[in-house]
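Q: coordinates for the following, if possible.
(chains A, B and C)
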Amino acid sequence: MLRPLGREVGAPTSAPRRPKRGGVLLAILLPGFPQFLGGRILVGGFALLLWASFVGIGSIRWERVVAAPGGGWDERAALLTLLCGLMAIWTWSIRDATLGSGVARTDGSWARFAREFGRNRVASIGLGAVGISYLAALLAPFLAPFDPAFQGDLVVGRLSAPSGAHLLGTDQFARDVFSRLLYGARVSLSIGFIAVAISMTIGTLVGAVAGFLGGWWDAAIMRFVDMVISFPRLVLLITVIALFEPSLFVLVVLLGLTQWPLPARIVRGEVLSLREREFMVAGRALGFRAPRLIFRHLIPNTLAPVTVAATLGIGDTIILEAGLSFLGLGIQPPTPSWGTMVADGRNHLLGAWWVTTFPGLAIVLVVLSFNLAGDGLRDALDPRLRR
Amino acid sequence: MSNDSRPKTFLIVLIPLLSLIGCGDGGERTFAALPAFCQEVMRDMDRFLGSFEDPADGRYGGTAVVGGIGEIPGGMNSLVSADHGAAQHQIFVNQMTLIRFDEAYDPEPYLARAWDVNEEETEVTFHLRDDVFWHDGHKTTAYDVEFTYRRATDPETGFPNAAFWAHYVPGPDGIEVVDSFTVKLEMRPHAEALDPWRALAIMPRHLLEDVPPGELRQHPFGERCSVGNGPFRFVEHRSDESWAFERNPAFPEELGGPPFLGRYVYRVVPEPSTLLTDLLTESVDLYLQPTADQFPRIEDAEHLRLLTFPFRDYVFAAWNSRRRQLEDPRVRRAIAHGVNRAQIVEAILGGSGSVANTGVPPFHWAYDEEAVDALPYDPERARELLEEAGWVDRDGDGIREDADGVRMELSVRYNTGNQERQEIAEIMQSQLRRVGIEVRPRAMEWATLVSEITDAERRDFDGFILAWVTEFKVDDTDLFHSSNSSAPYGWAGLEDEEVDRLLEQLQVTVDREDALPLWEAYQQRILELQPFTYIYFRERGAGLNERLRDVHMDARGEWVTISQWWIPEEERTGRPLVARSP
Amino acid sequence: MIGYVLRRVGGAVPLVLGVATIVFFVMNLAPGDPSSLYAGPGVSPQALEEVRQNMGLDAPVHVRYIRWMGAMAQGDFGHSLARGQPVRDVIRDLLPNTLLLSGTALALAFLAGILIGVLQAVRHNTWIDSSLSGASLFFYSIPSFWLALMLILVFSLYARNVWGWPVHFPASGMTSVDHAWMTPWEQVKDRAMHLVLPATSLALVLAGGIARYTRTSMLEVIHQDYIRTARAKGLPEWRVIAGHALRNALIPVVTVFGLYLPLLFSGTVFVETVFAWPGMGKLVVDAIGQRDYPVVMAGALVFAVMVVVGNLIADVLYSVVDPRIRHG
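A: All right, here's what the predicted structure looks like:
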């Protein structure tokens, strides 16, 4: 039922190779290509494609790239992403080509985990898609053909079908849907990321403290967690958004502050099982203080399940943001988010399907990717589920 | 997979499915779920109306289903409801008003068969019909009118349309019952003094007299068992779902007799896309106020027709002239020049509407035709005006500043979830940027918005977008008279002597010919001062299934001809309505 | 068992009270006064004050809180400000609708989820397994209002008007207009037809998760000794799966029941709005907009109670399906 774990640990899959000069040259000119030739089609192809698209974007949008350092933060971030991305691919490709594959792998738990994850092809594709969507969001200023807030001629230009000029058509204000989709990714993805970061931090702390202290404290804290969980989250969100104004900041903080009970429960469960393990007993015997025990010993050991919960949580948050937009409580215009794009365009569903279908698909695909990646992470972390 | 070994869990989760079965109403009506007051009232109505024969003509019968986005808040209780749909159901469907308007918007007899006004225009006497019955068999008399008036002017009731009585003497002193069918009211002269009697449905005294005014809002009458005297009787209200009415067979012949429809159902469908689907799949016969984006879908469908008609609501952006950026009328005029309102009408309304310049609607007799093009889209003129007023882009960021460096930045509020106003705000933002004004749209939840803009002490806003339904009596005193500048609705904070003078004169000028020049002067002055940027008068739309015949709508409302709606026998769907035993 | 249930209920009381208190103060912190929503222009300040008094809004917050808690203790939820009706009546009208919808959705989700999960486990690591996994994840990744709109578009509009299907799934409402004139059998059918789309759109989201749990737990069970024994006895495969494996695999799945309730109730807010289903979710959202304090608080309480009860049911079910667990 369980495959013996030891089989692949540390065992090189191919004999060490000497660095070849041609390989290095190839790795510089076409990073990823040597790996592609070497039989690792998926990884090599992915790197090659990514590299090609970076170079492509850079050359096609050359004037924007050059103008970026003088532009706003959006542009500078995009430029930074472009440069770092290129450097990273080159570094990886050259290192990989010079060292040969399969040799220098450290046998840390993370490396094993990464390999385990890489074995799951669907999950890898999910993770790749997530990565690409974050890259697209960061590079939006270079990718987007139009200003997302620019309104064309409202009479002639509105709701025009997808065409060469407007890849995904225009919306009810004659704005380019494709450009809005790219800029919308920034909002939707960062909402998901930041909100989940907030909730995971709080949840981990609360869960670790409850599990570590145990007894009466644990009971009291978990009662409170139960209360928050049985609280209709949407009611709270709607009420509080009405109380403040629905800005990006308020939304992110609120989404983060209402999601922590779940990671709290997970972390507490983990901590309860870790509490009596040797390293904890040893730590206590050595007289370590509680904060040190919690932060240095307990929390690092619960990171794996929290990462899984976070990955799945980002998808949930993106969906929830879309739902709030449907109720008119999402991000305010003209900032596009995928949720508001779907919600605002839904009256055109019958006449101009492209206005909502593309952002809708974007949500589904990205959330799906997060969920696939999350599932893969969980499987890779929990050998019990690996089948 | 077999059933025998399925765990017991399934039995438990299947219970809800079984509850499908227990819920049938049967043909018999039961009132057990209603409050005691209602049980009695409903039985009385069934008993009284059951004694009348239904007309036999082939046009009679059938059910019409009307779908709308919202509930009918306040229901059939005209003393506490402030909602348009509620008022329409009261005055056209379930209850009656003293007078009604004909197609030319001139008053004609309804519950009152005649009325006369004395020489000084200080007294109006209504002579009521003596053949109108409440649906429970009581006659409608002058005492009902007196009761309604006294409650509506009693502050304890909290009557939402207090402006109705600006020209009347509130309370028991203002009204006198001469005899059972004659009632006399005291008033001050006004060109549209009779307007409230078109808008206020008369309520039954015999049922509500004992209810303390402060508890009228909570009384089951309006929501659970309304007793009216109009062409349709109340049958059932399911919260958030539907209202059902049936023909009143006792409706006086002289007023057109019983309506053709056997049953009229108003359904609440909050999501526009769903409601459009309902119309397209013939689940509703009439879709009220579809969004302009949906117009083409309705026009394209074979069995549907799109009705559009001018209505009394307009959309405007109100500006707070107490703000540094907005204190100069030239700035406010520049805003009007800088926004392409004709394009907004085209884009948001699909062309069914007209650019508004003041609050006087196009079909109104005092509408100033010359004002139509007074403030055309002219960004160049807008820039000039701003420059004249001292707003120049001093730091080169595209947005203007005044001499002290105050940025021309306006936050414009609208209520969350209102797509139309959101779209207007977005268009204003995009277009005004081109003349150097930065607009920041800010969505606020409706209740927050209302409480913030009506807070007369703080006035913490630059501008906001709102829609307003006027009565036929147009009177901007609440909005623009300087004495109301610190009242809840004195949003603009306008303090202009000429506007004050004109508003006061308009109040007391009865003759339309005398009033017309005043109206024109007033509209010109408003154009100059621009306390609001009036955006447009909307033409309302309705999607209609063609099987429903003789539907006519105009500025009086959607339900104005409901008594004449009919469905040819062969096109009726659903089961025939068999009379149910009381 | 009864003692255990009683103790759980007793433990839930402070929890529900806590929820009520939080909702009360959050609602009262929110700007906006209902009285201003129900008055038009020209209302005198005096009249407005009367309205506020009628609505009981003139007292300070803590007085109102005590008053409200006192009334609650006597089972009096007060009157809805927007509807004028007693809150109890409004909830009595709408709660059964929400229970019908979410109950059906849960039943559908568990049926479909367990079936899919078992199928995946039996055929695990085949294309059936992976395509079903993909499908469950796909439905889990769609915003529920979007899924609901799509279902309407496809199965209500296109199915009837374009493809001419003989059955029509209504897009809105709970019953047809002529429901009262139908025979009892037709009435059941009518209600069921109206339930199909809303219940499906809720169930699709949940079924995926349940399928995943079932699959995992089923896979664990299938490799146990007693299953091998059963097979060795020569029992037909379906008897092994349905009779022996499933019963044990379902134990952990039952816990999902309690976990999914809050998710389900959030879903009803959207689904009820899209399908014009008169229920609690939409009621509460509307009431927040109307600052209808009594309704919001009562609604939040009802939701909290339902979640607590749901968790309790899950625990009780747990001990029913797993004889090893006995709550003394």
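Q: can we go C-alpha only for contacts and neighbour counts from here?
A: Will do.
Q: the closest residue in space to A:D153 that isn't next to it in sequence: which element?
A: Nearest residue to A:D153 in three dimensions, chain neighbours excluded: A:A174, at 6.4 Å (CA to CA, 6 or more residues apart in numbering or on different chains). Per DSSP states H and E: A:A174 is located in neither a helix nor a strand.
Q: for A:A174, give me its contacts.
A: Contacts for A:A174 (CA atoms under 8 Å, 6 or more residues apart in numbering or on different chains) come out as A:151-154, A:157-160.
Q: 7 Å instead?
A: A:151-154, A:157-159 (CA atoms under 7 Å, 6 or more residues apart in numbering or on different chains).
Q: which one of the residues you listed is nearest to B:F295?
A: Ranked by distance to B:F295 (CA to CA), the contacts of A:A174 are led by A:L159 at 14.4 Å.
Q: so what's the residue count around that closest one?
A: The number of residues packed near A:L159 is 23, by other CA atoms under 10 Å in any protein chain shown.
Q: and it, how far from A:M341?
A: As defined by CA to CA, to the nearest Å, A:L159 lies at a distance of 13 Å from A:M341.
Q: and for residue 309, the neighbour number?
A: Chain wasn't specified; assuming chain A. The burial count for A:A309: 21, using other CA under 10 Å.
Q: my bad, chain C
A: Neighbourhood size, C:V309 [other CA under 10 Å]: 17.
Q: surely it forms part of a strand?
A: No. Assignment of C:V309 by DSSP: H, G, I helix; E, B strand; the rest coil gives helix, placing it outside any strand.
Q: how about the residues of chain A near chain C?
A: For chain A, the residues in contact with chain C (CA under 7 Å from any CA of the partner chain) are A:227, A:230-232, A:234, A:239, A:242-243, A:319, A:322-323, A:364, A:367-368.
Q: repeat that with 6 Å
A: A:227, A:230-231, A:243, A:319, A:364, A:367-368 (CA under 6 Å from any CA of the partner chain).
Q: from these, which land in helices?
A: Secondary structure of these is defined by DSSP state H; positions in helices are A:227, A:230, A:243, A:319, A:364, A:367-368.
Q: before we move on, the earlier item: CSV for the residues of chain A next to chain C, including pLDDT?
A: Listed next are the residues of chain A next to chain C as CSV, based on pLDDT from 0 to 100:
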residue, pLDDT
A:M227, 75
A:S230, 70
A:F231, 71
A:L243, 69
A:I319, 89
A:V364, 90
A:V367, 90
A:L368, 90
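Q: need these in CSV (columns: distance to B:G493 and neighbour count).
A: Listed next are the residues of chain A next to chain C as CSV, based on distance: CA to CA, whole Å; neighbours: other CA atoms under 10 Å in any protein chain shown:
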residue, distance to B:G493, neighbour count
A:M227, 48, 22
A:S230, 48, 26
A:F231, 44, 27
A:L243, 27, 19
A:I319, 43, 25
A:V364, 49, 22
A:V367, 50, 30
A:L368, 53, 24
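Q: with these in mind, which one is nearest to B:V510?
A: A:L243 (47.2 Å).
Q: could you report the neighbour count for residue 182?
A: With no chain named, the answer covers chain A. Neighbour number of A:L182 under other CA under 10 Å is 27.
Q: the intended chain is chain B.
A: Count around B:T182 with other CA under 10 Å applied: 20.
Q: and stretch A:294-301, end to end?
A: Length of stretch A:294-301, first residue to last, CA to CA: 10 Å.
Q: do stretch B:311-327 as well
A: End residues of stretch B:311-327 are separated by 32 Å (CA to CA).
Q: what does that stretch rub up against?
A: B:462-470, B:492-493, B:531-537, B:539, B:555 (CA atoms under 6 Å, 6 or more residues apart in numbering or on different chains).
Q: now the one residue sitting closest to the centre of chain B: how far from chain A?
A: In chain B, the residue lying closest to the centroid (CA atoms, centre = their mean) is B:H84, at 2.6 Å. Using CA to the nearest CA, to the nearest Å, B:H84 is found at 23 Å from chain A.
Q: scan the contacts of A:A174 and report the most crowded one.
A: Neighbour-wise, the contacts of A:A174 (other CA under 10 Å) top out at A:L159, 23 neighbours.
Q: residues touching that residue, list them.
A: A:L159 touches A:170-172, counting by CA under 6 Å, 6+ apart.
Q: ok, B:L286 - contacts?
A: B:66, B:543-544.
Q: if we can go back for a sec, pick the one among the contacts of A:L159 closest to A:W217.
A: Closest to A:W217, out of all of the contacts of A:L159 and judged by CA to CA, is A:D171, at 54.4 Å.
Q: of the contacts of A:L159, which is the nearest to A:S59?
A: Closest to A:S59, out of all of the contacts of A:L159 and judged by CA to CA, is A:T170, at 26.3 Å.
Q: re the thing from before, of the contacts of A:L159, closest to chain C?
A: The closest of the contacts of A:L159 to chain C turns out to be A:D171 (CA to the nearest CA; 17.8 Å).
Q: based on its surroundings, how many neighbours for that closest one?
A: 28.
Q: same question for C:V271.
A: 27.
Q: try the one 10 residues further on
A: The number of residues packed near C:G281 is 27, by other CA under 10 Å.
Q: now the closest residue to it other than its chain neighbours: which helix or strand?
A: Leaving out its chain neighbours, the residue that sits closest to C:G281 by CA to CA, 6+ apart is C:V269, at 4.2 Å. C:V269 belongs to helix C:246-274 when assigned by DSSP H and E.
Q: elements contacting that helix?
A: helix C:184-222, helix C:280-289, helix C:293-321 (3 or more CA pairs under 6 Å, 6 or more residues apart in numbering or on different chains; DSSP states H and E).
Q: recalculate using a threshold of 8 Å.
A: Packing partners of helix C:246-274 (3 or more CA pairs under 8 Å, 6 or more residues apart in numbering or on different chains; DSSP states H and E): helix A:233-243, helix C:87-122, helix C:144-151, helix C:184-222, helix C:280-289, helix C:293-321.
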